[in-house]
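Trainee: pasting the sequence and the predicted coordinates here, then a few questions.
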Amino acid sequence: MKNKKLLWILIPVLLILIVGSTGFFILNETQQAIITRFGKPIRTIVQPGLHFKVPVVDVMHVFEKRFLEWRGESNQVTTRDKRYIWVDTYARWRIVDPLLFYQRLKDERGALSRIDDIIDGETRTAFAKHDLIEHVRTSNREPLRDPVLDLDVDSLEVIQYGRSRISFEIRQKASFRAKDLGIEILDFKIKRINYVREVQNTVFERMITERKRIADQYRSEGQGEASRISGERDRELKRIQSEAERTAQEIRGKSDAEAAAIYSSAYNRNAASREFYTFMKTMDSYELALDSTTSIILSTESDFYKFLKHAKPE
């Protein structure tokens, strides 16, 4: 009897423990769940806290409530102007209808596969509708201009859409298609755009040619400026030299005039002074006209010979 009573006590306790451990569950703030019974959804839970499900019979499927990341693989696409490029993209998405998400996709792996198809298709369509320049630039701006040389450093085409607007349109269309799957595309961005390898070399050569053209223009402007500065320098140097020569000639003229006046005053003072002046000038003439290799024929009556005939040989 005692064993039977103990058994009747243990059985309910065990049932309570089993129900408590498998029937009650806690859903945190980052989760949402679908409860299925025999494979059919019966309840959607989006509020965090303690919840109950029938043990064994009911199955809980938990999904993320937070924003999720999608990273697209690099794909080759064609633009409207027939440019072949590689495009890398990424997006953010979330589950907004857990029941529809479970019915259509089952889990996040299936969702990522469907998002690949949706975003890849919308991206290809958008790139095929616009020229490459529309996908590269975001807005129009004034070309860069060198303030010193007053020349354009680059030239820009006018765009109508731009990358931001095209990305927004891709996100809108992808999100509209994803509504039927119980998900929402929150954000879409183009990470990188690059030419295919066959075109890269041509683009790089064109860039190098353009930069060389700008460099040659800078050199041409610099050489012209250098020539102008050199011409002004030579002209200023000649002007300074001309003024200096003119001033030197004036000084020499004044000096010669003063010397002539002194010589004239000394010459006219008396006969001895005149004789000494004549002697000194003749000596200066000898020094200029005669050296050890000079041969000269003079008359004995010549004034140039007058002082030589009185000289005593050493």
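Mentor: Okay, I see it.

Trainee: quick check: domain ranges of the protein?
Mentor: Listed domain ranges for the chain are 24-64, 68-195, 198-251 (source: automatic domain parsing).

Trainee: now render those as a markdown table, adding distance to residue 262 and mean pLDDT.
Mentor: From N, CA and C alone the C-beta is placed, and that goes for glycine too. Below are those laid out as a markdown table (distance: least, C-beta to C-beta, whole Å; pLDDT from 0 to 100):
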| stretch | distance to residue 262 | mean pLDDT |
| --- | --- | --- |
| domain 24-64 | 116 | 86 |
| domain 68-195 | 62 | 85 |
| domain 198-251 | 16 | 85 |
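
Trainee: just the ones you listed: most buried one?
Mentor: Sort these by mean neighbour count, taking mean count of other C-beta atoms under 10 Å, and domain 68-195 sits at the top with a mean of 16.

Trainee: so how far is that domain off the chain centroid?
Mentor: Chain-centre distance of domain 68-195: 24 Å, with C-alpha atoms, centre = their mean, to the nearest Å.

Trainee: determine how far the longest helix seen in the chain lies from the middle of the whole chain.
Mentor: For the chain, the helix with the greatest residue count under DSSP state H is helix 197-267. Relative to its chain's centre, helix 197-267 lies at 38 Å (C-alpha atoms, centre = their mean).

Trainee: packing partners for the helix or strand following that helix?
Mentor: The helix or strand immediately downstream of helix 197-267 is helix 271-289, counting by DSSP states H and E. With contacts taken as 3 or more C-beta pairs under 8 Å, 6 or more residues apart in numbering; DSSP states H and E, helix 271-289 sits against helix 197-267.

Trainee: report the angle between the helix it packs on and helix 271-289.
Mentor: 150 degrees (axes from the mean of the first three to the mean of the last three C-alpha atoms, to 10 degrees).

Trainee: what's helix 197-267 packed up against?
Mentor: Partner elements for helix 197-267 (3+ C-beta pairs under 8 Å, 6+ apart): helix 271-289.

Trainee: how about a cut-off of 10 Å?
Mentor: strand 84-95, strand 145-146, strand 151-152, strand 183-195, helix 271-289 (3 or more C-beta pairs under 10 Å, 6 or more residues apart in numbering; DSSP states H and E).

Trainee: what lies in contact with stretch 31-47?
Mentor: Stretch 31-47 has contacts (C-beta atoms under 10 Å, 6 or more residues apart in numbering) with 25, 27, 29, 48, 51-54, 57-66, 95-103.
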